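1. The following comprises the amino acid sequence and a computationally predicted model.
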Amino acid sequence: MVAEMWVENCQETECFMNGLVKRNPGQPEFHQAVKEFVLTVMPYVKQNPQYQQAQILERLTEPDRIIIYRVTWQDDDGNIRVNRAWRVQFNNSIGPYKGGLRFHPTVTLSVLKFLGFEQIFKNSLTGLPMGGGKGGSNFNPKGKSDSEVMRFCQSMMTELSHHIGQHTDVPAGDIGVGAREISYLFGQYKRIQNEFTGVLTGKGLPFGGSLVRTEATGYGCVYFCENMLNLVGDSIRGKTVAVSGAGNVAIYAVEKATELGAQAVTMSDSSGFIHDPDGIDAEKLAFVKDLKEVRRGRISEYVEKFPGATFHAGQRPWSVPCEVAIPCATQNEISLDDAKTLLANGVKVVCEGANMPTELDGVNAFLEAGVLFGPAKAANAGGVAVSGLEQSQNALRLTWTRNEVDEKLREIMEEIHAKCVRHSDGNGQVNYVRGANIAGFIKVADAMLAYGAV
Ligand code: NDP
Ligand code: 2IT
């Protein structure tokens, strides 16, 4: 069995991918994430035989463990409901497992393995001591009452509490998991374990949360975008920005882009996108925050409130001319055709707020066209970075001010940008995909080498 899994001398990308696909059938998102990574890292591994000899890539693509469990809960009508949940503990070489929980009907093991794999290198790039993990459930929070979400979260945590801990595995939010869900999950953990520790991040401010965690992913993404533009003597000020999504990441990407003088003209959800040619200013964004964070409504309501905008049902925003595109909804939301449309309309920067929002041939189209392309594992690392800062504050039993946390976030994004530049190939324009993958890889791989055969 072992001999079959770890084929000797099978180091070329194609051969490596064939083996990976064979070992992990029916996991297309996981295959996609690994392929994007291996395409750039394999040449580096071949130049550094110590990694090849220790089978680092084979070991890195096999999670440490996966926990799969049933979540039984009762809806408001008294019906018994059943969901499946997972926690993928991918790699803890440089710190306790760390990564979000996603609640969405499209969640599968493949999706969580792709997210957990990406998280290993993203967390490494932050410079903080965090390993990679991801979890979630195919539970659909849409249309559920607060009581139903609470019962689901409590049931989920009853099992999950056996497998996580402040020094073991520290989950946070992701799609469908925000402040409400983290609060229910934390409350149940505290009750079961009878201990108050920083076992989750994204907590409410009264019980160990960090200032700026809510804003961190969107803000960090725009800081990264600004870092890329500054390097070529430009800035986001005055630029037209197309954003997808209307959730946590999208809202705070729009907020920071607007603060820095850009004009965000689109937002979206799974029913379509809005286009506001006058820009989504602070007042309009306050409406979106209330709509999405409090009332849990649909983005189409925006055009009823602001008639200068239009709603485009069932479409993504990429047909709207823009210089900067910031995808903040979900994976594979920019196809090759979308990329071609963006390029035809003159896009200069694509900065990924979501995880793997661009399909692989779309990424290649952007790179070939010389677009400044900020890959997710670098560009959206601000969220998990401030999660790491929340863990630090919990361990120190103190709270940093908003300015202190925001300043640390800026520094971390700047440092991630610098690492990408350093590990790009150095020929002409920076290749941030290669830079992020190699910089993220080295720290984890060197830790694994130091541990020997584990
Ligand atoms: P939210 O649940 O807050 O918002 C998600 C948004 O994306 C909603 O507008 C949602 O629309 C839309 N969306 C979700 N799934 C789909 C889909 N299949 N098709 C079309 N639209 C979809 O999630 P977040 O903002 O937290 O996460 C967005 C992305 O950012 C994800 O890729 C996540 O992994 C990534 N990310 C999140 C971080 C965080 O700290 N939260 C950190 C780093 C990355 P609808 O409401 O209609 O479903
Ligand atoms: O994809 C991500 O980086 C997140 N969902 C945030 C993870 C975290 O632990 O804050």
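-> Looks like it came in fine. None of the values given here were measured: they were computed from a predicted structure. Ligands and ions are numbered 1, 2, ... in the order given.
2. When you work out contacts or count neighbours from here on, use the C-alpha atoms and nothing else.
-> Will do.
3. Give me the distance between residue 447 and residue 392.
-> To residue 392, residue 447 is 21 Å away according to Cα to Cα, to the nearest Å.
4. So which of those two has more stuff around it?
-> residue 392 (16 against 13; other Cα atoms under 10 Å).
5. Identify all contacting residues around the stretch of helix or strand that one belongs to.
-> Element membership for residue 392 (DSSP states H and E) is helix 382-396. Residues outside helix 382-396 that contact it (Cα atoms under 8 Å, 6 or more residues apart in numbering): 99, 123, 126, 128-130, 172, 197-198, 201-202, 208-210, 212-221, 399-400, 405, 409, 412-413.
6. filter these down to the ones near ligand 2?
-> 99, 172 (Cα under 6 Å from any ligand atom).
7. buried stuff in stretch 246-266?
-> Buried residues in stretch 246-266, counted by 16 or more other Cα atoms under 10 Å: 246-258, 260, 262-266.
8. does ligand 2 sit close to it?
-> No - Stretch 246-266 lies out of reach of ligand 2 by Cα under 6 Å from any ligand atom, never closer than 9.6 Å.
9. Output that stretch as PDB, nothing but the C-alphas.
-> Taking Å, rounded to 0.1, in the frame of the first residue of the first chain, the C-alpha atoms of stretch 246-266 are listed here in PDB:
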ATOM      1  CA  ALA A 246     -21.600  41.100  -0.600                       C
ATOM      2  CA  GLY A 247     -20.400  39.200   2.400                       C
ATOM      3  CA  ASN A 248     -17.700  39.800   5.000                       C
ATOM      4  CA  VAL A 249     -14.700  40.100   2.600                       C
ATOM      5  CA  ALA A 250     -16.500  42.100  -0.100                       C
ATOM      6  CA  ILE A 251     -18.000  44.700   2.300                       C
ATOM      7  CA  TYR A 252     -14.600  45.600   3.800                       C
ATOM      8  CA  ALA A 253     -12.800  45.500   0.500                       C
ATOM      9  CA  VAL A 254     -15.200  48.100  -0.800                       C
ATOM     10  CA  GLU A 255     -14.900  50.100   2.400                       C
ATOM     11  CA  LYS A 256     -11.000  50.200   2.200                       C
ATOM     12  CA  ALA A 257     -10.900  50.800  -1.600                       C
ATOM     13  CA  THR A 258     -13.300  53.800  -1.100                       C
ATOM     14  CA  GLU A 259     -11.300  55.100   1.800                       C
ATOM     15  CA  LEU A 260      -8.200  55.000  -0.400                       C
ATOM     16  CA  GLY A 261      -9.900  57.100  -3.100                       C
ATOM     17  CA  ALA A 262     -11.000  54.400  -5.500                       C
ATOM     18  CA  GLN A 263     -14.600  53.900  -6.800                       C
ATOM     19  CA  ALA A 264     -16.100  50.500  -6.300                       C
ATOM     20  CA  VAL A 265     -19.000  50.100  -8.700                       C
ATOM     21  CA  THR A 266     -20.200  46.500  -8.300                       C
END
